[in-house]
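Chemist: Show me the folded form of this:
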Amino acid sequence: MTEELKNQIDRHLSEQKSFTVFRLPNASDITCLEIDKALEFHFAMLDTPPSNQSFVVFPFNDSEIPGWWFNVSSQQTFKSITEKASKLNFNIEEEDDNFGYEAYSNQFKEMMTALKNGAVEKVILSREIVLDENLTSLLPDIFLSLQRHLPNAFVYLLFTPQTDIWIGASPEILLKHAAGICTTVSLAGTRDSASLKTDNWSEKEIEEQGIVSNYIDKILEQFRIAPVDKHGPVIVNAGNVSHLKTSYQFPYSSVAGSMSQLVEQLHPTPALCGEPKQQAFNLIRRVEKHKRYYYGGFIGPVAENEMHLFVNIRCMKVSKNESTLYVGGGITASSNEEKEWKETKEKSRTLLSVISQVKNEAHTGLINQ
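Modeler: As a prediction, this is how the structure comes out:
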């Protein structure tokens, strides 16, 4: 079954056929969708999805690139690969990049000025990590390794002419609808899992997560959604890092007919943009020198009675000559520059470690055994 899935992915990539393969969090199945039509995404589409499964990807900033709704021509299901994965070496890091740190430092200082002046309460500063190599041939194994190592994440691989190749493993739900229940989460605050103690969260991390939760509280109140089952914050693991998460569940009936408006209000959350949202969004556009593309947007499958939209984080854009990882972190007035830089390095390590392991196995011939 593993070889069949890998061959399927290889065939689509080599023939440049639009497809996606994904594994929902804690699911026992991997789904492969062949895509036959791309429609420019509009939020109203979420209110009247077709009975068969579709797939959606939307950028952080849709004034730069469009979002897409992909219609599906065929669907295959494979059993999730659950055999125990070999331990990852999380000590792997990107190569030292003094220029990268210098650029990050300058942007951090500019954002900190806005925070100190009270223009924003929180803002997310992201950066790119560029690998000067073509990883396309390794993508089937990178995908399989990610879904082994991160059972709680939405793990996906997507190729279309509209988006190029993206791969990722997101721990963050934007909005889920299944079995008549809707779920969203506030996920923020980051610690290294290896050194984490239950009571060892700083005021900055608790404040950062609280800002996201307060934003979701206001949105749900604005839509008069009730009852709401709110749980958290609790500590959740995502590879080599841990986060604080508050979960919200409410009946689909309380938001039926206005799902599109709710998703539009939730995106982008303060976990990927900041608060107040518009001021933080404008600050990001002014300060960051790169385009986020689909990083910080949302992605996932949609059907008539089911929807799984995830915030597109812990992701990588793959092209012929290079592969680009996107990482970021929330900044408040109490943030420390070196700690924030270190956080972005920590967030990159799971994907970098998987890539390193797959490359080593390919070099030694283990992949083909």
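Chemist: in the sheet, who's paired with residue 182?
Modeler: Beta-bridge partners recorded for residue 182 (DSSP bridges): residue 177, residue 250.
Chemist: what's it in contact with, if anything?
Modeler: Under the criterion of C-beta atoms under 8 Å, 6 or more residues apart in numbering, the neighbours of residue 182 are 175, 176, 249, 250, 251, 252, 254, 255. (Each C-beta comes from the backbone N, C-alpha and C, glycine too.)
Chemist: now the strands for the stretch 1-150 of the chain?
Modeler: 19-23, 29-40, 54-58, 68-79, 122-131 (DSSP state E, counting those that start in this stretch).
Chemist: Check the stretch 251-369 of the chain too.
Modeler: Counting by DSSP E, counting those that start in this stretch, one finds strands in the stretch 251-369 of the chain at the ranges 274-275, 298-303, 306-311, 315-318, 323-331.
Chemist: Save the ones you listed as JSON lines, and put in distance to residue 355 too.
Modeler: Below are those laid out as JSON lines (distance: least, C-beta to C-beta, whole Å):
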{"stretch": "strand 274-275", "distance to residue 355": "30"}
{"stretch": "strand 298-303", "distance to residue 355": "20"}
{"stretch": "strand 306-311", "distance to residue 355": "21"}
{"stretch": "strand 315-318", "distance to residue 355": "8"}
{"stretch": "strand 323-331", "distance to residue 355": "8"}
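Chemist: any idea which of the ones you listed is most buried?
Modeler: Neighbour counts averaged per stretch over the strands of the stretch 251-369 of the chain are highest for strand 274-275, at a mean of 26; criterion: mean count of other C-beta atoms under 10 Å.
Chemist: Strand partners (parallel or antiparallel) of that one?
Modeler: Strand 274-275 has the following sheet partners, assigned by DSSP bridges: strand 122-131 (antiparallel).
Chemist: can you give me the mean pLDDT across the strand it pairs with?
Modeler: Over the span of strand 122-131, the pLDDT mean works out to 96.
Chemist: what pLDDT does the residue nearest to residue 160 when sequence neighbours are not counted get?
Modeler: Closest residue in space to residue 160, ignoring its immediate chain neighbours: residue 18 at 4.2 Å, by C-beta to C-beta, 6 or more residues apart in numbering. Per-residue pLDDT puts residue 18 at 98.
Chemist: so who does residue 18 touch?
Modeler: When contacts are counted by C-beta under 8 Å, 6+ apart, residue 18 is found next to 12, 34, 35, 36, 38, 70, 159, 160, 161.
Chemist: got a list of what the closest residue to residue 341 other than its chain neighbours touches?
Modeler: Counting by C-beta to C-beta, 6+ apart, residue 104 is the residue found nearest to residue 341 once chain neighbours are left out, at 6.0 Å. Counting by C-beta under 8 Å, 6+ apart, residue 104 touches 125, 127, 341, 344.
Chemist: Going by neighbour count, which of those comes out on top?
Modeler: In terms of neighbour count, residue 125 stands highest of the contacts of residue 104 at 24 neighbours, by other C-beta atoms under 10 Å.
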